[in-house]
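>>> need a structure here:
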Amino acid sequence: MKRRKTLLIILAIIVAVLVLFLIFRGILESTLGSKMAEASALFQKGTGGQPGIAEKLHERLNAADELQNLAAKDDSVYEEYSALRSTNNELRELLNSGSPDLGRMYDLNVTLTAQFGACREALEPITEGKAHNALGEYQTAFDEAQRVIDVSGYNNAIRDFYSSVLDRFPASLLKGLVKEPIPALWQSGGAA
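Next up is the predicted model:
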């Protein structure tokens with residue numbers, strides 16, 4: 001009888017601890033998790049009245065699409081066209097999937113810049129008229145979108161979030177328990 005009573009007490013303690021853990025986890029998820037989601041969303045919606053980096057990446061991808069359309073018409077620039085198309089497609093897929101891998105997107109954007117330039121240079125001597133003028137328009141759109149990305153306040157907002165929330169107790173100890181991915185910086189590697 002005494003043994004059964006002891007087992008029931010131990011079982012009640014285990015259940016109580018489990019219930020408290022689940023309640024604590026739910027509270028943590030609803031507070032810290034939502035703050036992490038809000039910080040990550042700045043990549044899409046932007047900061048300080050500026051558009052998000054994602055929107056400007058789409059503009060760069062669209063300019064690259066237009067350049068690809070010109071390049072696809074001439075076999076002499078197939079290598080440049082193919083490289084640009086491959087990077088463009090990979091970056092678009094990551095962006096459209098909502099991937100949290102900002103480091104990979106950053107690196108692809110750097111590669112896209114180089115491949116866009118190589119493709120444009122290859123097209124420069126073989127285009128004329130409207131097509132030649134379009135090269136300049138695509139370059140301008142491509143560069144303007146990057147300029148806005150370069151002055152984006154996203155990284156500062158994420159650094160502020162880390163210093164004011166994630167690097168403080170108890171969030172610094174508990175952030176691994178939250179389902180939401182930790183917001184990444186817009187830089188090579190993406191880690192903060």
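
>>> pull the contacting residues for the residue nearest the centre of the chain.
By C-alpha atoms, centre = their mean, the chain has its centre lying nearest to L102, at 3.6 Å. Residues in contact with L102 (C-beta atoms under 8 Å, 6 or more residues apart in numbering) are 43, 184-187, 190. Every C-beta, even on glycine, is put in place using the N, C-alpha and C of the backbone.

>>> of the residues you listed, grab the buried ones for PyMOL.
Those of those that count as buried under 16 or more other C-beta atoms under 10 Å are selected in PyMOL with:
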select buried, resi 43+184+185+186+190
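
>>> mind checking which of the contacts of L102 land in helices?
Residues from these lying in helices, with DSSP state H as the criterion: F43.

>>> let me know the closest of the contacts of L102 to A71.
Set against A71, the nearest of the contacts of L102 by C-beta to C-beta is W186 (28.0 Å).

>>> now do the phi/psi pair for G153.
Backbone geometry at G153, expressed as degrees, to the nearest 10, gives phi -90, psi 10.

>>> quick one: pLDDT of it?
Looking at G153, its pLDDT stands at 84.

>>> quick check: D65 vs S152, distance?
Using C-beta to C-beta, to the nearest Å, we find D65 at a distance of 22 Å from S152.

>>> any idea how this structure splits into domains?
1-50+153-192, 53-151 (automatic domain parsing).

>>> what's the most buried one of these?
Sort the domains of the chain by mean neighbour count, taking mean count of other C-beta atoms under 10 Å, and domain 53-151 sits at the top with a mean of 17.

>>> quick one: distance of that domain to the chain centre.
On the basis of C-alpha atoms, centre = their mean, to the nearest Å, domain 53-151 sits 18 Å off its chain's mean C-alpha point.

>>> shaky segments in the chain?
The chain contains residues with pLDDT under 70 at 16, 19-34, 36, 166-168, 170-182, 188-192.

>>> what ranges do the helices span in it?
Along the chain, counting by DSSP H, helices occupy 2-28, 34-45, 53-71, 78-97, 102-123, 129-150, 154-161, 171-174.

>>> residues contacting H132?
Shown in contact with H132 (C-beta under 8 Å, 6+ apart): E124.

>>> so how far is Q50 from P183?
Distance of P183 to Q50, given as C-beta to C-beta: 17 Å.

>>> try A37
Going from A37 to Q50 by C-beta to C-beta gives 20 Å.

>>> what does Q139 give?
Where Q50 is concerned, Q139 sits at a distance of 22 Å (C-beta to C-beta).

>>> list the contacts of the residue nearest to E55 when sequence neighbours are not counted.
Nearest residue to E55, sequence neighbours excluded (C-beta to C-beta, 6 or more residues apart in numbering): G46, at 7.2 Å. When contacts are counted by C-beta under 8 Å, 6+ apart, G46 is found next to 52-53, 55, 152, 154.

>>> R159 touches L185, doesn't it?
Yes - at 7.5 Å, R159 counts as touching L185 under the criterion of C-beta atoms under 8 Å.

>>> which residue comes closest to L67 once chain neighbours are left out?
Nearest non-adjacent residue to L67, counting by C-beta to C-beta, 6+ apart: Y138, 4.9 Å away.
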